[in-house]
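Colleague: what follows is a protein structure lacking sequence information:
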């Protein structure tokens, strides 16, 4: 009798625990429903920009073809700078002036609606390994320098052996919004990412492509990766992917996952909560045994520290995209080869 009563209490504790998670998530939704309109009302109107001069297609995979594309994108950025200056936004105009520098290499640029940009670091035509960085929430032209700094750090960490592409190819959600808890923006981004990687692989068939997916970007990657020709998918600072396991991603790539000891994302409930018109949350924790990824040491950094120069996370991510061994990693589930 005592055993049964104790079991009943334990079962009740588990039920109450799940209930607390759901109530906590609903509380977050209530807070966001109030905070988002207020923050949106305080935000300045979007900066106008011209229609881009370069489309989404890939140029010829030669030094000359890439040079022509970079020059065309530079002209588009300068046109956007002129419009921003005419609008009176000196900060955006100054940022665009820097982006149009002669040393910068953009495959594409679109200054409208927060901005899209795809920038290359290194010699893409000669690259044997290519790392594509996919950002999370709150990444746009106004915060682009932060995203770019991570790409530069990764390029330096690999000793120049890997071409790095900073792919800001979708409208990322605001961290303080319902969109950051649902897959709508990820679905839009996944379609764009998939198209980009397919064109990249067709243009550079000998290049080994890795996807590096930060935070909400891991949801984008998870929705794009099925059947893509990529060697590695690296999830870091991930709230979940929307998939229950690596198997559900339906990829032949090696899937890695890492989380810093100081990353607040660890406290986000790893649940999926169906609502009337959408599902909130992204499910299984990517660093858990249940998910089945190869787990790498990401050090003790916070949510924005994974590509910080000198960090443990950057060192190990650099090893992954370079095809080198990652010392001391743990393996959860089955590891898939490229």
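Modeller: That came in fine, so what should we check first? All figures in this text were calculated on a predicted structure; none of them were measured in a lab.
Colleague: hang on, residue 120 in a helix?
Modeller: No. Read with DSSP: H, G, I helix; E, B strand; the rest coil, residue 120 is strand and lies in no helix.
Colleague: ok, it touching residue 165?
Modeller: Yes. In this structure, residue 120 is within contact of residue 165 by CB atoms under 8 Å, at 5.6 Å. The C-beta positions use only the backbone N, C-alpha and C, and glycine is treated the same way.
Colleague: what touches both of those two?
Modeller: Common contact partners of residue 120 and residue 165 (CB atoms under 8 Å, 6 or more residues apart in numbering): residue 107.
Colleague: strands along the stretch 1-150 of the chain, start to end?
Modeller: Applying DSSP state E, counting those that start in this stretch to the stretch 1-150 of the chain gives strands spanning 106-110, 116-121, 129-134.
Colleague: what's the first one packed up against?
Modeller: Strand 106-110 makes packing contacts with helix 63-86, strand 116-121 when contacts are defined by 3 or more CB pairs under 8 Å, 6 or more residues apart in numbering; DSSP states H and E.
Colleague: so which of these is the most surrounded?
Modeller: Highest mean neighbour count among the helices and strands packed on strand 106-110 (mean count of other CB atoms under 10 Å): strand 116-121, with a mean of 22.
Colleague: now do it: which elements does it pack against?
Modeller: Strand 116-121 packs on strand 106-110, helix 144-157, strand 163-168, going by 3+ CB pairs under 8 Å, 6+ apart.
Colleague: what about 6 Å?
Modeller: Under the contact definition 3 or more CB pairs under 6 Å, 6 or more residues apart in numbering; DSSP states H and E, strand 116-121 sits against strand 106-110, strand 163-168.
Colleague: could those strands be laid out in CSV, adding mean neighbour count and distance to residue 56?
Modeller: Putting those into CSV (neighbours: other CB atoms under 10 Å; distance: least, CB to CB, whole Å) gives the following:
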stretch, mean neighbour count, distance to residue 56
strand 106-110, 24, 6
strand 163-168, 27, 12
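Colleague: turn these into a markdown table, columns for mean pLDDT.
Modeller: Shown next, in a markdown table, are those (pLDDT from 0 to 100):
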| stretch | mean pLDDT |
| --- | --- |
| strand 106-110 | 97 |
| strand 163-168 | 98 |
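Colleague: okay, the ones you listed in a markdown table with distance to residue 232 next?
Modeller: Output for the helices and strands packed on strand 116-121, formatted as a markdown table (distance: least, CB to CB, whole Å):
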| stretch | distance to residue 232 |
| --- | --- |
| strand 106-110 | 21 |
| strand 163-168 | 14 |
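Colleague: those: which one's closest to residue 298?
Modeller: Residue 298 sits nearest to strand 163-168 of all these, at 18.6 Å, using CB to CB.
Colleague: next SSE downstream of that closest one?
Modeller: Remark: after strand 163-168, the chain's next helix or strand is helix 184-203, criterion DSSP states H and E.
Colleague: so what touches that following helix?
Modeller: Outside helix 184-203, the residues within contact range by CB atoms under 6 Å, 6 or more residues apart in numbering are 58, 61, 169-170, 173, 179, 219-220, 223-224, 228-229.
Colleague: can you give the contact residues for stretch 252-261?
Modeller: Counting by CB under 6 Å, 6+ apart, 230-236, 246, 286-287, 293-296, 298-301, 320, 336, 338 sit against stretch 252-261.
Colleague: select only the buried ones of those residues in PyMOL?
Modeller: A single PyMOL command suffices to select whichever of the contacts of stretch 252-261 are buried according to 16 or more other CB atoms under 10 Å:
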select buried, resi 230+231+232+233+234+235+236+246+286+287+293+294+295+296+298+299+301+320+336
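Colleague: please narrow the contacts of stretch 252-261 to those residing in helices.
Modeller: Assigned to helices by DSSP state H, the following of the contacts of stretch 252-261 qualify: 246, 320.
Colleague: tally of neighbours for residue 94?
Modeller: Around residue 94 there are 13 other residues, counting by other CB atoms under 10 Å.
Colleague: what's near enough to touch it?
Modeller: Residues near residue 94 by CB under 6 Å, 6+ apart: none.
Colleague: from residue 70, how far out is it?
Modeller: Distance, residue 94 to residue 70, using CB to CB, to the nearest Å: 21 Å.
Colleague: over to residue 144?
Modeller: 17 Å.
Colleague: run through the stretch 1-150 of the chain and note the low-pLDDT ranges.
Modeller: Applying pLDDT under 70 to the stretch 1-150 of the chain flags residues 1-45.
Colleague: now do the buried residues in stretch 304-320.
Modeller: Using 16+ other CB under 10 Å as the test for burial, stretch 304-320 gives 305-308, 311-320.
Colleague: which residues does that stretch contact?
Modeller: 150, 153-154, 157-158, 232, 234, 236, 256, 296-299, 301, 326.
Colleague: if you set the cut-off to 8 Å instead, what comes out?
Modeller: 146, 149-151, 153-154, 156-158, 162, 210, 212, 214, 232, 234, 236-237, 256, 258, 260, 262, 296-301, 325-326, 329.
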